[in-house]
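Asker: Here is a sequence with its predicted model. Questions after.
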Amino acid sequence: MSEPKKSLALPTGPERELQIYALGLGGGKPPVPVSLELLEQKAKEILSPRAYDYVAGGAGGEDTMRANREAFYRCRIVPRMLRDVAKRDLSVEVLGAQLPAPILLGPVGVQEIVHKGADVASARAAASLGLPFVLSTMSSRTIEEVAQEAGKVARSPRWFQLYWGKNPELTASMVQRAERAGYSALVVTLDTHLLGWRERDLHHGYLPFMQGQGLANYFSDPVFRGLLPQPPEQNPMAAIQLWGSLFSNPALTWKDIGFLRRHTRVPILLKGILHASDAALAVDAGVDGLIVSNHGGRQVDGGVGALDALPSVVREVNGRVPVLFDSGIRRGADVFKALALGAKAVLLGRTYMWGLAVAGEEGVRDVLLNLAADLGLTMALSGYTCCRELDASALCKSDLAERCDPRQF
Ligand SMILES: Cc1cc2nc3c(=O)[nH]c(=O)nc-3n(C[C@H](O)[C@H](O)[C@H](O)COP(=O)(O)O)c2cc1C
């Protein structure tokens, strides 16, 4: 990969604490709430009910969302003492890129519904800290604009997330646009070949795409435009209908992965893997990485908590490709646990959306700085100085209340 090898150093905890306490001495308070609960509450006050629910909600009765958090709750850290943690380093290497912390901004579509800066603001915040930004197919700004705007801040990794639709020429076009614009990996989301049954959105009768939001990459695509009798600017309804007819492809199978390989040279990661057998099929298909994810509980209700699915996938993959993780990451301890169970790095979803809603680019930046500080302190206070030291021996299961045997996971 052509990404720069050097990475920026992120404050590992105490510096960030001091910054915030120093603000307090002058009577100030962090403009972006540090507590995730307060941050989400503030975002809720700012956003329209339907925009808030679109981000916050999940599939059906939201049992999978709860399972995501419960999996973290059951898994506990067992701190170690007297291990010289004076020097600490959060950096990790993922697909040849050196990241200052094991944190990526995951693909989140239609960000314009939470802040007008949308994907550009998020990508700029990520770039300012040297963290990778994964642009959604359903972004509010185009592949090219996000690359250009984030590139003005710093040259940090950008990946493109693909929703693989019914039209192969359109799929190939988007993949090639991303590659031309410097996105250095392709994240193929497998769990959204149909839209989950999202009760909050159904209650509001609200799907932003049907209002033309989150369709920037389609409306700007030459193949998509070529399929329309009139340009989207003249006849947006026809363009939205065409998008609806092409968006997803439930007929895809493992045989189709070869198509993507033929259309891109960048590494391919599959997002949405939860079953060890699928992990095996993915590795056999020759992909370069996996992301264990249940889409933040937005697709299948009653599903396995993503953290519960991580160990069996890691075991199956057995180091052949990197395994990344998302779904339910809120604080430093969550990142710690995912890494200890074998994830190379984690992706954020709603967590950075709330920062974006509250304060745009600065809000996302604050969320990232706080999460990195929280992770750095959690690691140091638990006796670890760098991410590669973490393994399942750092954890126990709370209901067993005994030291963890990695085979339990
Ligand atoms: C509002 C919203 C939009 C999302 N859009 C996409 C998307 O376009 N592509 C994708 O692969 N995942 C999408 N996701 C899923 C995230 O990438 C990620 O898997 C999920 O948010 C992780 O769960 P968490 O938010 O509970 O941490 C979206 C999530 C949210 C909350």
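Answerer: Structure received.
Asker: Confirm that residue 269 sits in a strand.
Answerer: Yes. Residue 269 sits within a strand when classified using DSSP: H, G, I helix; E, B strand; the rest coil.
Asker: For it, grab the count of nearby residues.
Answerer: Residue 269 has 26 neighbours, counted by other CB atoms under 10 Å. Any C-beta I mention is one placed from the backbone N, CA and C, and that applies to glycine too.
Asker: thinking it is in contact with residue 185, fair?
Answerer: Yes. At 6.1 Å, residue 269 counts as touching residue 185 under the criterion of CB atoms under 8 Å.
Asker: Common neighbours of these two, please.
Answerer: Residues touching both residue 269 and residue 185 by CB atoms under 8 Å, 6 or more residues apart in numbering: 159, 288, 289.
Asker: now these in TSV, with distance to residue 176 and pLDDT?
Answerer: Listed next are the shared contacts of residue 269 and residue 185 as TSV, based on distance: CB to CB, whole Å; pLDDT from 0 to 100:
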residue	distance to residue 176	pLDDT
159	15	98
288	18	98
289	20	98
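Asker: now, which of those sits nearest the ligand?
Answerer: Taking CB to the nearest ligand atom as the measure, the ligand sits nearest to residue 159 out of those, at 10.8 Å.
Asker: Can you tell me who that closest one pairs with across the strands?
Answerer: residue 134 (DSSP bridges).
Asker: Please give me every residue in contact with it.
Answerer: By CB under 8 Å, 6+ apart, the contact list for residue 159 reads 104, 132, 133, 134, 135, 183, 184, 185, 186, 187, 269.
Asker: what helix or strand is the first one on?
Answerer: The one in question is residue 104. Under the criterion of DSSP states H and E, residue 104 resides in strand 103-105.
Asker: Against which helices or strands is the following helix or strand past that strand packed?
Answerer: Beyond strand 103-105 in the direction of the C-terminus, DSSP H and E gives the next helix or strand as helix 118-129. The contact analysis (3 or more CB pairs under 8 Å, 6 or more residues apart in numbering; DSSP states H and E) places helix 118-129 against strand 103-105, strand 133-135, helix 143-153, helix 350-382.
Asker: Smallest gap between the stretch 301-409 of the chain and the ligand, at which residue?
Answerer: Using CB to the nearest ligand atom, residue 349 is the residue of the stretch 301-409 of the chain that sits closest to the ligand, at 1.9 Å.
Asker: isn't that residue right up against residue 111?
Answerer: No. The criterion here is CB under 8 Å, and residue 349 misses it with residue 111 at 11.3 Å.
Asker: ok, those two, which is more surrounded?
Answerer: When neighbours are counted by other CB under 10 Å, residue 349 and residue 111 differ, and residue 111 comes out ahead with 29 against 19.
Asker: how near is that one to residue 303?
Answerer: 25 Å (CB to CB, to the nearest Å).
Asker: quick one: the strands in the stretch 201-350 of the chain?
Answerer: Using DSSP state E, counting those that start in this stretch, the strands of the stretch 201-350 of the chain run over residues 268-273, 289-292, 323-325, 346-348.
Asker: To residue 116, which of these lies closest?
Answerer: Shortest distance between residue 116 and the strands of the stretch 201-350 of the chain, using CB to CB, is found for strand 346-348: 20.6 Å.
Asker: How far off centre is that closest one?
Answerer: Distance of strand 346-348 from its chain centroid, counting by CA atoms, centre = their mean, to the nearest Å, is 4 Å.
Asker: mean confidence score for it?
Answerer: What strand 346-348 shows for mean pLDDT is 99.
Asker: now do stretch 355-375
Answerer: Computed over stretch 355-375, the average pLDDT equals 98.
Asker: Tabulate the CA atom coordinates of it in CSV.
Answerer: C-alpha atoms of stretch 355-375 as CSV (Å, rounded to 0.1, in the frame of the first residue of the first chain):
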residue,chain,number,x,y,z
GLY,A,355,-19.4,14.0,18.1
LEU,A,356,-20.2,15.1,14.6
ALA,A,357,-23.8,16.1,15.5
VAL,A,358,-22.6,18.2,18.5
ALA,A,359,-19.6,20.0,17.1
GLY,A,360,-18.8,18.9,13.5
GLU,A,361,-15.2,18.3,12.7
GLU,A,362,-14.1,19.4,16.2
GLY,A,363,-16.6,17.2,17.8
VAL,A,364,-15.3,14.1,15.9
ARG,A,365,-11.8,15.1,16.8
ASP,A,366,-12.6,15.4,20.5
VAL,A,367,-14.3,12.0,20.5
LEU,A,368,-11.2,10.4,19.0
LEU,A,369,-8.8,12.2,21.3
ASN,A,370,-10.9,11.1,24.3
LEU,A,371,-11.2,7.5,23.2
ALA,A,372,-7.4,7.3,22.5
ALA,A,373,-6.7,8.8,26.0
ASP,A,374,-9.1,6.4,27.6
LEU,A,375,-7.6,3.4,25.8
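Asker: can you tell me if that stretch touches the ligand.
Answerer: No. Stretch 355-375 does not reach the ligand (CB under 6 Å from any ligand atom); its nearest approach is 10.5 Å.
Asker: What parts of the stretch 201-350 of the chain come near the ligand?
Answerer: Neighbours of the ligand within the stretch 201-350 of the chain, by CB under 6 Å from any ligand atom: 271, 293, 295, 296, 298, 326, 327, 328, 329, 349, 350.
Asker: contacting residues around the fourth one?
Answerer: What that stands for is residue 296. 58, 65, 68, 326, 327, 328, 349, 350.
Asker: Residue 93 belongs to a strand, doesn't it?
Answerer: Yes. Counting by three-state DSSP, residue 93 is part of a strand.
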